[in-house]
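Visitor: Okay, predicted coordinates and the sequence, questions at the end:
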Amino acid sequence: MRKYRRFAALAMAAALAGSMTGCQSKPAATETTAATGTEAAAESAPETAAEAAGAYTPGTYSATVTGMKEMTVTVTFDADVITDIQLEHGETPGIGEPVCDTMPGQIIELQGLGIDAVSGATLTSNAILEGVADCVEQAGGDAEALKAIKPEVVKAEDEELTADVVVIGAGGAGMAAAVTANQAGKSVIVIEKTSNMGGNTVLAGGAFNAVDEGSEEALARNDSVEFHYQQTYEGGDEQGDPELVRKLVTEAYGGVEWLMDLGLEFEPGLFTVTGGMWERAHKPVEPEGSGFFKTYQKYMDGHEGITMKYETTAKHLIVEDGVVVGVECEGKTGNQVTVTANNGVILATGGFARNVEMREEYNAETGMWPTLDESILSSNAPSITGDGILMAKEVGAELIQMGNIQLLPLGDPETGSLTGMIGNAVETRIYVNTEGKRFVNEGGRRDEMTLALFEQPDKLMYIVMDSDVYPTGEEKNNFNESINELVEAGRAYKADTLEELAELIGVPAENLTATVEEYNRHCLGGDLEGEADEFGRTLFTDGKKINDGINDAPYYAAARVPTVHHTMGGVKINVNTEVIDTEGNVIPGLYAAGEVTGGIHGTNRLGGNALTDTIVFGRTAGTNAAAFER
Ligand code: ADP
C-alpha cells in the first residue's frame with residue numbers, strides 16, 4: 001500500500017505541477033489505479049496538497065548511467081515535485097543528442113517516467129529514464145510508481161497530403177533521392193518512422209568508395225573503375241547483377257562531386273576501410289555519417305519544397321490501375337496519414353537486420369549462419385525492420401538474394417553496436433576466445449571470421465592489443481570514443497601485464513601469454529615474406545613499419561560478439577531503380593534505392609560500398625521518380 005500511496009501522491013503533485021506550468025499533458029489513468037479498485041483508491045486519494053507533499057527528500061541527486069557514452073544525470077526535487085533535470089553527456093549528434101534536449105522537459109512536465117524510448121535512440125532514452133529513476137530512489141521516491149505515469153495520448157486528426165515525389169525513409173538513400181528530386185524542381189514529402197533523419201547511414205563509419213579515374217591518387221594506387229568493379233563483383237562471389245555493379249562503380253565519383261557541390265567536406269587522401277580491399281575510401285570531415293545529413297539539412301534550409309514527416313510509419317503502398325500512387329501511413333498517435341504522389345514513390349527504408357523473424361526465415365533458405373534468432377544482436381538502428389521489403393512484396397515485387405546476410409564479429413556484447421571498438425588496423429591486434437586462445441585469421445573475410453566466432457564458447461571473443469596502438473590513450477575509434485573513455489566506462493580493459501589483463505577478462509593467464517608469445521614469434525619472424533601462420537594470417541606488418549608484436553604495456557582488451565550488420569538481399573530493381581515484379585515487369589510509379597534493394601553486393605558487401613550505393617542509386621531514384629508521369 002505504501003507504494004501506491006506514494007504513487008497517488010506523486011500523481012497529485014504532477015497534476016499540480018501541470019496546472020502550475022499550464023502544460024497540456026496530464027498524467028493518464030494508469031494500470032495501477034485500475035487494478036487497485038475502489039477500496040484502495042479511497043484509501044489512497046490524497047485529500048489535500050499537504051498529503052501529496054513529502055514524497056521526496058528535497059535536494060539535488062546525481063546518477064551515472066551509460067547511453068551511447070557515460071552520462072551523468074542530476075535531478076533536483078522539492079518535497080513533492082521534480083523541479084530540474086540536468087544531463088552531462090556525449091551522446092551522438094543527430095541521434096541521442098536531440099533526446100537529451102527534449103526528454104528532461106517531458107519528464108518534468110509529466111512528473112512521471114512512463115515515457116516511451118525514442119525509436120532510433122533507445123540507449124540514450126533508457127539511460128536518461130534510468131538515471132532519473134535512480135535519483136528518485138535516492139530522494140526517497142518510488143521510481144516504479146513513476147514509471148506507471150504515462151502521458152495521455154490524444155489521437156491526432158487523420159491527414160491527407162500530396163507532393164510530386166514521395167520518399168519513404170530518411171536515411172542515406174532516401175535523403176539523396178529527396179534532394180535530387182527537389183533539384184529537378186519537384187515538391188517532395190519524406191516519410192520517416194523515427195524522429196530524425198539518418199537511419200543506419202548516420203551510424204556508418206563514413207567511408208565512401210569511389211575512384212576518380214585518371215587522378216594522381218588513383219594512378220599512384222594502380223586503381224581504376226574497372227578494378228573497383230572486379231573487387232565488388234568478385235567480393236560478392238559473383239552474385240551481384242553486373243549491370244547494377246557497373247553502375248555503382250561508374251557513378252561513384254560523380255556522387256562524391258555532387259556531395260561536394262552541396263557543401264560536404266571530405267578529408268584529403270584516401271584510405272582502406274575494413275573489408276574494403278583497396279585504398280579508395282573518401283571520408284567526410286564530420287564524424288560517422290553525420291556530415292551527409294548536415295549537408296542535406298543545409299540544402300533544405302536554403303531551398304523550399306522538401307517536407308519531412310517524422311514519427312510517421314509507412315504501412316502499405318497505394319496502387320491504382322497497376323500504378324503505385326502513394327502510401328498509407330500511421331502517425332505517432334495512431335492516426336492515419338495518406339500521402340499521394342503526382343509523380344513517383346521511392347522506397348528507401350533500409351534492410352531488415354532488426355527483424356528477427358525475417359532474418360530467421362531467409363537464413364533458413366541458405367543456411368549461411370547457424371542461427372540468427374534474437375540471441376544474435378545487430379549493429380543496426382532499431383527501426384531497420386524490413387518494412388519496405390514487405391510493402392513492396394505486397395504489391396508484387398520480386399525479392400532477391402534475401403538469404404545473403406552479412407554479420408561482423410565486432411558487436412558490443414550488450415547492444416550489438418559497433419561502438420566500443422578498439423584498435424583501427426587489423427595488423428596490430430589478435431582475437432582470443434574465452435579460453436585465451438586465437439581461433440581465426442584476423443585478416444580474413446568478414447563471414448569467415450564471424451562463422452569461426454559462432455563456434456567459440458559463448459560466441460564471445462576479446463580483441464587484444466598493446467600500447468603501440470594507443471600511445472597516449474586519447475586516440476579515438478571511428479565512433480569518436482577514446483580508449484581512455486572506454487576503459488573508464490568499463491567497455492574496454494587495460495592492464496600493465498598480460499597476466500593482469502587475463503584476470504580482468506577472465507581467461508586463463510597461461511593460455512593468453514602462450515597465445516601472445518606465439519603470435520609475437522610470427523610478427524618478428526619470417527612472416528614478413530608473406531608466410532601464413534596456423535590460421536592463415538599473413539598480416540603482420542602495417543605496410544610501413546614492422547609490427548613487433550603485443551609486448552608493450554599497457555595492454556588492452558575489449559569483448560565482442562557476432563552482430564547482424566547488412567542485409568544484401570531485397571527488392572529487385574533495374575538500372576533505373578524501377579522495382580521489378582515477380583513476372584519480370586516494372587511496377588509503374590515505384591522506385592527503390594539503398595539497402596532495401598537486393599542484387600548489388602552479392603553474398604558479401606565490400607566495406608565502403610554501402611554509402612556509395614545510397615548516393616548512386618538514391619540520386620537515380622530521385623531523378624526518375626521526378627520524371628515519372630502517370
Ligand atoms: P539506406 O542506407 O538504405 O539509406 P538507412 O538505414 O540509412 O537505409 O535508412 C532507412 C530509413 O528508413 C531509416 O531512417 C528508417 O527509420 C526508415 N524507415 C524504415 N521503415 C520505415 C517505415 N515503415 N516508414 C517510414 N520510415 C521507415
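Guide: Structure's in. What do you need? No experiment lies behind these values; they were computed from the predicted model shown.
Visitor: all contacts plus neighbour counts: C-alpha atoms, from now on.
Guide: Fine.
Visitor: where does the stretch 151-300 of the chain dip in pLDDT?
Guide: 274 (pLDDT under 70).
Visitor: interface residues of it facing the ligand?
Guide: Selection of the stretch 151-300 of the chain residues close to the ligand by CA under 6 Å from any ligand atom yields 168-174, 191-194, 197-201.
Visitor: tell me which residues of the helix or strand residue 61 falls within are tucked away?
Guide: Assigned by DSSP states H and E, residue 61 belongs to strand 59-66. For strand 59-66, the buried set under the neighbour-count rule, 16 or more other CA atoms under 10 Å, comprises 60, 61, 62, 63, 64, 65, 66.
Visitor: What's the PyMOL syntax to select whichever of the residues of the stretch 151-300 of the chain next to the ligand are buried?
Guide: To isolate the buried ones among those in PyMOL, judged by 16+ other CA under 10 Å, type:
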select buried, resi 168+169+170+171+172+173+174+191+192+193+194+197+198+199+200+201
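Visitor: Can you give me the distance of the residue nearest to residue 433 when sequence neighbours are not counted to residue 563?
Guide: Leaving aside its chain neighbours, residue 433 sits nearest to residue 461 (4.5 Å; criterion: CA to CA, 6 or more residues apart in numbering). Separation of residue 461 from residue 563 (CA to CA, to the nearest Å) stands at 12 Å.
Visitor: where in the protein is pLDDT low?
Guide: Those would be 1-54, 93-94, 119-120, 274, 525-530, 541-546, if you go by pLDDT under 70 across the chain.
Visitor: Close to the ligand: what parts of it are there?
Guide: Counting by CA under 6 Å from any ligand atom, the chain sits next to the ligand at 168-174, 191-194, 197-201, 313-315, 348-350, 383-384, 387, 594-596, 614.
Visitor: Swap in 5 Å and give it another go.
Guide: Taking CA under 5 Å from any ligand atom as the contact definition, the chain meets the ligand at 169-173, 192-193, 199-201, 313-314, 349-350, 383, 387, 594-595.
Visitor: how far is the top strand by length along the chain from where the chain is centred?
Guide: In the chain, with assignment by DSSP state E, the single longest strand is strand 555-567. Counting by CA atoms, centre = their mean, to the nearest Å, strand 555-567 is centred 14 Å from the centre of its parent chain.
Visitor: name the helices or strands packed onto it?
Guide: Here strand 555-567 touches strand 377-378, strand 405-411, helix 446-454, strand 461-466, strand 493-495, helix 498-505, going by 3 or more CA pairs under 8 Å, 6 or more residues apart in numbering; DSSP states H and E.
Visitor: same thing but at 10 Å, please
Guide: Counting contacts by 3 or more CA pairs under 10 Å, 6 or more residues apart in numbering; DSSP states H and E, strand 555-567 packs against strand 377-378, strand 405-411, strand 430-433, helix 446-454, strand 461-466, helix 483-488, strand 493-495, helix 498-505.
Visitor: Can you name the next helix or strand after that strand?
Guide: Beyond strand 555-567 in the direction of the C-terminus, DSSP H and E gives the next helix or strand as strand 570-571.
Visitor: Helix, strand, or coil at the closest residue to the ligand within the stretch 451-600 of the chain?
Guide: At 3.4 Å from the ligand, residue 594 is the closest residue in the stretch 451-600 of the chain, using CA to the nearest ligand atom. Recorded secondary structure, residue 594: coil (DSSP: H, G, I helix; E, B strand; the rest coil).
Visitor: In contact with it, which residues are there?
Guide: Contact analysis of residue 594 by CA atoms under 10 Å, 6 or more residues apart in numbering lists 171-174, 201, 347-351, 568, 570-571, 577, 600, 610-618, 621.
Visitor: Give me the buried subset of the residues you listed.
Guide: Among the contacts of residue 594, the ones that count as buried by 16+ other CA under 10 Å are 171-174, 201, 347-351, 568, 570-571, 577, 600, 610-618, 621.
Visitor: Restricted to strands, list the residues you listed.
Guide: Mapping these onto strands (DSSP E) picks out 347, 570, 571.
Visitor: Thought residue 597 was touching the second one, still the case?
Guide: So the one you mean is residue 570. Yes - Residue 570 is in contact with residue 597 according to CA atoms under 10 Å; the separation is 4.3 Å.
Visitor: Can you work out which residues contact both of the two?
Guide: Common contact partners of residue 570 and residue 597 (CA under 10 Å, 6+ apart): 350, 351, 388, 389, 399, 400, 401, 402.
Visitor: ok, and the most crowded of those residues?
Guide: The most neighbours of any of the shared contacts of residue 570 and residue 597, using other CA atoms under 10 Å, belong to residue 350, which has 34 neighbours.
Visitor: Who does residue 84 form a beta bridge with?
Guide: residue 76 (DSSP bridges).
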